[in-house]
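Participant: Structure of the sequence below:
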Amino acid sequence: AIRSTHGLEVPLSHKGKLMVTEEYIEFLLKIANQKMEENKKRIERLYNCLQHALEKENITNSRPKEKIKDKNKSSYTRKKKRNPEEAHSKCFTEENVKECENDDDLGISVTIFPEDY
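Facilitator: Residues are numbered from 1 along each chain as shown. Have a look, this model is predicted:
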């Protein structure tokens, strides 16, 4: 599944009046840009994994089929059992899996309401 849960909705003005400082707007821009950069990295990872999977499939499909030498032979060929370890594409290394688990953590802590609010 491909999904994105990133969103940043923050009211900056009300009835045409600015409710926050320019410093806060710069802070929000920094967070938004970090999220966009992380999203770009995820898209690149997804693209690379898809490319790898398609290349692997093309190699498999381009192999010549074995000709049946004997008419009495069954046309059924038994498929190998799929090894669960091999089921994951090589693009999903242990490091990538850990990255995916921590993708939403940008290491940024935001206080929505200051103590003196």
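Participant: Just the pLDDT for the nearest residue to residue 13 once chain neighbours are set aside.
Facilitator: Leaving aside its chain neighbours, residue 13 sits nearest to residue 19 (5.7 Å; criterion: CB to CB, 6 or more residues apart in numbering). Quick note: C-beta positions are derived from backbone N, CA and C, even for glycine. pLDDT, residue 19: 93.
Participant: So what touches stretch 11-27?
Facilitator: Under the contact criterion CB atoms under 8 Å, 6 or more residues apart in numbering, stretch 11-27 has outside partners residue 28.
Participant: least trustworthy helix or strand in the protein by mean pLDDT?
Facilitator: Least confident helix or strand of the chain, by mean pLDDT, DSSP states H and E, is helix 84-87 with a mean of 49.
Participant: Tell me where the longest helix sits in this structure.
Facilitator: Secondary structure assigned by DSSP state H gives helix 22-62 as the longest helix of the chain.
Participant: What about residue 11, how many residues nearby?
Facilitator: Neighbourhood size, residue 11 [other CB atoms under 10 Å]: 7.
Participant: SS state for it?
Facilitator: coil (DSSP: H, G, I helix; E, B strand; the rest coil).
Participant: any idea how far residue 10 is from residue 28?
Facilitator: 6 Å (CB to CB, to the nearest Å).
Participant: ok so, going back, any idea how far the residue nearest to residue 13 is from residue 44?
Facilitator: 37 Å.
Participant: same check, this time on residue 29
Facilitator: Look at residue 29 and residue 44: by CB to CB, they are 23 Å apart.
Participant: just for this structure, where's the confidence low?
Facilitator: Residues of the chain meeting the criterion pLDDT under 70: 1-2, 4-8, 63-117.
Participant: again, 80 this time
Facilitator: The model of the chain has pLDDT under 80 over residues 1-10, 57-117.
Participant: What about residue 37, how many residues nearby?
Facilitator: Residue 37 - counted by other CB under 10 Å - has 11 other residues nearby.
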